[in-house]
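# Here you go, sequence then predicted model.
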Amino acid sequence: MSKKGYSKSGLFSCINHYNANGKKVGESRPGFFGSMNEYDANGNKIGHSSPSFLGGMNHYDNNGHKVGEGRPGFFGSMKHYDNKGNKQGHSEPGLFGGYNHYDE
């Protein structure tokens, strides 16, 4: 299990995403009905995430194809799966807020 990066809150309810070296690699901005729009580091929209059954999130590419999902784990963590249901990693709350991301 290696750390892939982290996410932390930005301005106006945005979430900034960073790689393991601290370089910004993307951003999530709020959408409608609890969804989030996903952008790369250059501001290009690359997909969106929508709430799913039992508190998870379904992730879609910019063409609307499902590419994965996140499911709640214990103690505020999230488990990440690809579109075939294979576990790819997990995220855990950070000590000072935000989330740390790990692969499997």
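Arrived safely, thanks for sending.

# Which residue ranges of this structure form strands?
If DSSP state E is used as the criterion, the strands of the chain fall at 3-9, 15-19, 24-30, 36-40, 45-51, 57-61, 66-72, 78-82, 87-93, 99-103.

# Tell me what angle the first one forms with strand 15-19.
Here strand 3-9 runs at an angle of 160 degrees relative to strand 15-19 (axes from the mean of the first three to the mean of the last three Cα atoms, to 10 degrees).

# Can you name the residues in contact with stretch 32-50?
Contacts with stretch 32-50, where a contact means Cβ atoms under 8 Å, 6 or more residues apart in numbering, come from 15, 23-31, 51, 57-62, 67, 70. (Glycine included, C-beta is placed from N, CA and C.)

# By neighbour count, sort out the buried ones in the residues you listed.
Neighbour counting with 16 or more other Cβ atoms under 10 Å marks 15, 26-29, 57-60, 70 as buried within the contacts of stretch 32-50.

# quick one: which of the residues you listed is nearest residue 80?
Nearest to residue 80 among these, counting by Cβ to Cβ, is residue 70 at 5.5 Å.

# residues contacting that closest one?
By Cβ under 8 Å, 6+ apart, the neighbours of residue 70 are 49, 56-57, 59, 78-81, 91.
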